[in-house]
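Enquirer: no sequence on this one, just coordinates:
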């Protein structure tokens with residue numbers, strides 16, 4: 001099993017509590033899986049269960065400890081994924097138009 005990293009852009013599901021609180025988010029994901037595809041599916045399911053719709057999946061690669069040696073917060077998340085199988089960080093933005101986009 002390897003740890004995969006990827007970035008997922010999400011929007012709040014219309015009936016979730018996130019809908020009034022956020023316009024969207026980028027989710028940094030560290031997920032343990034036997035393949036990239038299985039790791040992405042696991043993350044997508046967890047994120048959907050938390051009230052978000054998937055927009056895009058980007059920046060996928062196999063994460064290795066050495067990459068995070070000088071990045072203590074990211075190293076902690078990598079290590080959490082090693083133990084728990086997954087770790088997520090949501091960077092949200094407010095429910096306002098972003099760069100000529102409409103809200104939601």
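Expert: Structure received. What you are looking at is a predicted structure, and each value in this text was computed from that prediction instead of being measured.
Enquirer: C-alpha only now, for contacts and for neighbours.
Expert: Fine.
Enquirer: which residues sit against the helix or strand of the chain with the lowest mean pLDDT?
Expert: Lowest mean confidence among the helices and strands of the chain (mean pLDDT, DSSP states H and E): helix 18-21, at a mean of 88. The set of residues external to helix 18-21 that reach it, using C-alpha atoms under 8 Å, 6 or more residues apart in numbering, is 12, 13, 51, 52, 94, 95.
Enquirer: now stretch 33-51
Expert: Stretch 33-51 has contacts (C-alpha under 8 Å, 6+ apart) with 1-4, 6, 12-13, 15-18, 29, 31-32, 53-54, 60, 85-86.
Enquirer: Quick one, which of these are buried?
Expert: Listed as buried from the contacts of stretch 33-51 are 2-4, 6, 12-13, 18, 29, 31-32, 53-54, 85-86; burial here means 16 or more other C-alpha atoms under 10 Å.
Enquirer: Point out where the chain drops to low pLDDT.
Expert: 97-104 (pLDDT under 70).
Enquirer: could you pull out the helices for the chain?
Expert: Along the chain, the segments classed as helices by DSSP state H run 18-21, 36-49, 72-84.
Enquirer: what separates the second one from the chain centre, distance-wise?
Expert: Helix 36-49 has its C-alpha centroid displaced from the chain centroid by 9 Å (C-alpha atoms, centre = their mean, to the nearest Å).
Enquirer: what does the shortest one give?
Expert: If you compare the mean C-alpha spot of helix 18-21 with that of the full chain, they lie 17 Å apart, counting by C-alpha atoms, centre = their mean.
Enquirer: In the protein, which residue is most central in space?
Expert: For the chain, the residue nearest the mean C-alpha position is residue 27 (2.8 Å; C-alpha atoms, centre = their mean).
Enquirer: what residues are up against that one?
Expert: By C-alpha under 8 Å, 6+ apart, the residues touching residue 27 are 7, 8, 9, 10, 88, 89, 90, 91.
Enquirer: Find the nearest non-adjacent residue to it, please.
Expert: Leaving aside its chain neighbours, residue 27 sits nearest to residue 90 (4.5 Å; criterion: C-alpha to C-alpha, 6 or more residues apart in numbering).
Enquirer: burial of residue 37, as a residue count?
Expert: Applying other C-alpha atoms under 10 Å, we find 11 residues neighbouring residue 37.
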